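# Return a 3D structure for these sequence lines:
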Amino acid sequence: MRLLAISGSLRDKSSNTSALQAAVILAPPEVEIVLYTDLGKLPHFNSDLDTDRPPEYVSALRQKIVCSDGLMICSPEYAHGIAGAMKNALDWLVSSVEFPQKPVALINTSQRAAHSEAQLREILKTMSARVIDEASITLPLLGKNMDAASIAAHPDFCVQLQSALANFIAAIRARATTDK
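I've put the predicted structure just below:
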């Protein structure tokens with residue numbers, strides 16, 4: 001099973017990216033989690049460019065989604081909203097045929113960030129994604145400055161991430177079974 005992990009933060013030492021990297025560390029051996037690293041390279045969304053031949057980085061993102069069984073999204077909240085880079089990526093995916101019905105797990109790294117998660121859920125619902133609630137968690141990392149290894153080693157965060165991953169994998173497998 002392959003999962004695509006997208007951090008909505010462009011910061012080098014982002015708790016969002018660290019949480020996804022911790023998921024990579026904690027993933028069971030039969031699951032590969034690929035961290036998407038080109039978020040900042042996507043051009044600003046322009047529907048005039050969303051043609052049969054979209055910009056290179058847009059095509060590459062869509063191809064990564066095609067090759068993934070599910071998406072893990074971890075994005076910060078800015079001014080009570082979704083991070084601009086994350087919204088831009090989603091805008092490029094709205095008209096793509098690769099995104100509808102794709103299972104999505106949301107990871108929130110701030111116990112105070114409720115507005116962006118609600119907005120993200122609404123956007124994903126509009127885009128026909130399947131947000132897996134049992135795999136969507138909040139890790140209270142705000143102000144902790146933890147890297148991926150320390151998140152993965154933390155007794156509480158480790159259990160939360162492993163449980164979310166197990167629930168996500170189970171939901172993807174259950175859907176694959178019913179789709180056959």
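# Show me where the protein has its strands.
Secondary structure of the chain (DSSP state E): strands located at 2-7, 32-36, 70-74, 77-78, 81-82, 103-108, 130-131, 137-138.
# Off-centre distance for stretch 103-118?
Centre-to-centre, stretch 103-118 and its host chain are 10 Å apart (C-alpha atoms, centre = their mean, to the nearest Å).
# Straight-line length of that stretch, end to end?
One end of stretch 103-118 sits 17 Å from the other (C-alpha to C-alpha, to the nearest Å).
# Tell me who's in contact with the residue nearest to the spatial centre of the chain.
In the chain, the centroid-proximal residue (C-alpha atoms, centre = their mean) is Ile73; its distance is 1.5 Å. Residues near Ile73 by C-beta atoms under 8 Å, 6 or more residues apart in numbering: 5-6, 8, 86, 104-107, 120. C-beta here means a position set from N, CA and C on the backbone, and glycine is covered the same way.
# Pass me the low-pLDDT residue ranges in the chain, would you?
Within the chain, the stretches falling below the threshold (pLDDT under 70) are 180.
# what about the longest helix in it?
helix 155-179 (DSSP state H).
# Show me the contact partners of it.
Residues from elsewhere that reach helix 155-179 (C-beta under 8 Å, 6+ apart): 1, 3, 19, 22-23, 26-28, 31, 69-70, 72, 103, 105, 107, 130, 132, 134-137, 139, 141, 146, 151-152.
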